[in-house]
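J.: Give me a model of this one.
(one chain, ligands or ions: 1)
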Amino acid sequence: MEGDQLRAGGQAPAAELLPPPLEEPRPGRVLIAWRRAPFPVDWALAFGRLAPLHLEVGFGDGRFTVRRALERPDEDHVGVEVSNVSVQRALARVRREGVDNVRVAKVGAAFALRQLFGPHSVRSITVNFPDPWPKERHERHRLLRRAFFELAASRLSPGGEIRLATDHLDYLAFARSEARASGRYTLPAVAPPPAVLETKYALKWREQGKPLHYQVFRLERPSDSHPPHLERPPVPHAFMTGPAVDPSRLPSDAKRVIAYADAHVIVHEGWRAFGSGERLLFRVTVDELELTQQLLVVALRREGGELIVRLERFGDPLITPAVRGAVHAVVEWLLEHTELRVRERNY
Ligand SMILES: C[S@@+](CC[C@H](N)C(=O)[O-])C[C@H]1O[C@@H](n2cnc3c(N)ncnc32)[C@H](O)[C@@H]1O
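T.: Model prediction:
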């Protein structure tokens, strides 16, 4: 950061604006650092071998994941979860049981399936007791909807399966109708493996006397159109010119919400940073359908007199098209509340 201020003459500080360096997954490491990994993840490297790959979505406390992995030592099992607590629980279980064919990532399912896996590389996707989103207006939050079935048709191997267990009859009917609408799956009647009936939620619903339903969706017509993996673009930034910003004259509550590339971008607040020089930090949320990120955007006066407004590397942000909107939203915020003008936008 200091380096930015020392650099003269409006020249972009190249290192700060380069895409973040990528790191191949480390063999033997259970928790996958996917934000830094090249997409798709090299699973053969992550597991240290080439074996049939299975994905589990929303593994909760991980008891199914570990049990499956122990039952099937010749297969590799990847679990994805959005809950930090669940990830920690599952990691502890994996270590306790000493299984070496499980890898875990804290990431949403649709994003994971699209970015972390190559075409036709996954044998099965297990979804045990997904959040049902029972209200009609929340249907778009359901995982097993048409778009997911389409995506899975590009990532599952031919004959691969999505395996759903649910206590929720509406969700079951919804998933069946979405799968049928895709025209790519058959819906064979298959009995659930015992481990499915003994997950934490299976036991909970059974105790409450709820019936459990199981449905396999078998991929018969794989898709050859593969949604591309995310590129890692340079750090989005803009240059602004104009008089010094006096933070004491900025509005105290100027939250701003904008729509950008199918995402909501929210500028929550800004502060003047410690140290010399003019440096403002903005806290921004970028909420995409598959991914929510909390980001910092910095506006920093450089020696030539310009301000550079750019995404901070802090927190390992993933630069998606919508994340460019974070810089855009801050630029718009500064245009509205200060006398700064834009010289150049690079996002
Ligand atoms: C009802 S719990 C079921 C947990 C576990 N499968 C079981 O049967 O005990 C649903 C889980 O899905 C996770 N989840 C919800 N949405 C998700 C998503 N988009 N990607 C990954 N996990 C998700 C939640 O955090 C939660 O742990």
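J.: Mark out where each domain of this structure begins and ends.
T.: Using automatic domain parsing, the domain parsing of the chain gives 34-219, 232-346.
J.: what secondary structure does whatever residue of the stretch 201-347 of the chain ends up closest to the ligand sit in?
T.: The minimum distance from the stretch 201-347 of the chain to the ligand, using C-beta to the nearest ligand atom, falls at Tyr201 (3.6 Å). Yep, even glycine has a C-beta here, placed from its N, CA and C like the rest. Under DSSP: H, G, I helix; E, B strand; the rest coil, the three-state class of Tyr201 is helix.
J.: start the count at 44, not 1, going forward
T.: That works, and once the first residue is 44, the last one we named lands at Tyr244.
J.: Apart from its neighbours in sequence, what residue is nearest it?
T.: Spatially, and ignoring its direct neighbours in sequence, Tyr244 is nearest to Phe172 (3.9 Å; C-beta to C-beta, 6 or more residues apart in numbering).
J.: you'd agree the one you found is up against Thr209?
T.: Yes: Phe172 is within contact range of Thr209, at 6.0 Å (criterion: C-beta atoms under 8 Å).
J.: on that earlier part again, ok now do the residue nearest to Tyr244, which residues does it touch?
T.: Phe172 sits next to Gly101, Gly103, Ala208, Thr209, Asp210, Thr242, Tyr244, Ala245, Trp248 when contact means C-beta atoms under 8 Å, 6 or more residues apart in numbering.
J.: The fourth one bridge partners, please.
T.: Think Thr209. Counting by DSSP bridges, Thr209 is bridged to His256.
J.: just checking, it touches Pro173?
T.: Yes: contact criterion C-beta under 8 Å: Thr209 and Pro173 qualify, at 6.7 Å.
J.: Comparing the two, which residue is more hemmed in?
T.: Thr209 (23 against 20; other C-beta atoms under 10 Å).
J.: which ones are touching the more buried one?
T.: By C-beta under 8 Å, 6+ apart, the contact set of Thr209 is Phe172, Pro173, Pro175, Leu215, Ala218, Leu255, His256.
J.: what's the answer for Tyr390, then?
T.: Pro279, His280, Ala281, Arg367, Val370, His371.
J.: Leaving out the residues flanking it, which one is nearest to it?
T.: Once flanking residues are discounted, Tyr390 sits nearest to Pro279: 3.4 Å by C-beta to C-beta, 6+ apart.
J.: and what of Val150?
T.: Closest residue in space to Val150, ignoring its immediate chain neighbours: Val123 at 5.3 Å, by C-beta to C-beta, 6+ apart.
J.: neighbours around that neighbour, how many?
T.: By other C-beta under 10 Å, 25 other residues sit near Val123.
J.: my read is it is in a helix, agree?
T.: No: under three-state DSSP, Val123 falls outside any helix and is assigned strand.
J.: Wait, Glu333 touches Leu159, no?
T.: No: the pair Glu333 / Leu159 is not scored as a contact, 11.7 Å apart, by C-beta under 8 Å.
J.: Can you tell me which residues in the stretch 44-193 of the chain are near the ligand?
T.: 100-103, 123-126, 129, 151-152, 171-174, 186 (C-beta under 6 Å from any ligand atom).
J.: try 8 Å
T.: Neighbours of the ligand within the stretch 44-193 of the chain, by C-beta under 8 Å from any ligand atom: 99-104, 106-107, 123-126, 129, 150-153, 155, 170-174, 186.
J.: and if you look at the stretch 244-390 of the chain?
T.: Applying C-beta under 8 Å from any ligand atom, one finds that the stretch 244-390 of the chain approaches the ligand through Tyr244, Ala245, Lys247, Glu333.
J.: Going through those residues, which ones are buried?
T.: Buried by 16 or more other C-beta atoms under 10 Å: Tyr244, Ala245, out of those.
J.: Pipe the residues of the stretch 244-390 of the chain next to the ligand into a markdown table and attach distance to Arg79 per row.
T.: Output for those, formatted as a markdown table (distance: C-beta to C-beta, whole Å):
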| residue | distance to Arg79 |
| --- | --- |
| Tyr244 | 32 |
| Ala245 | 35 |
| Lys247 | 36 |
| Glu333 | 18 |
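J.: how many neighbours does the closest residue to His380 other than its chain neighbours have?
T.: Closest residue to His380 apart from its sequence neighbours, by C-beta to C-beta, 6+ apart: Leu293 at 5.6 Å. By the criterion of other C-beta under 10 Å, Leu293 has 16 neighbours.
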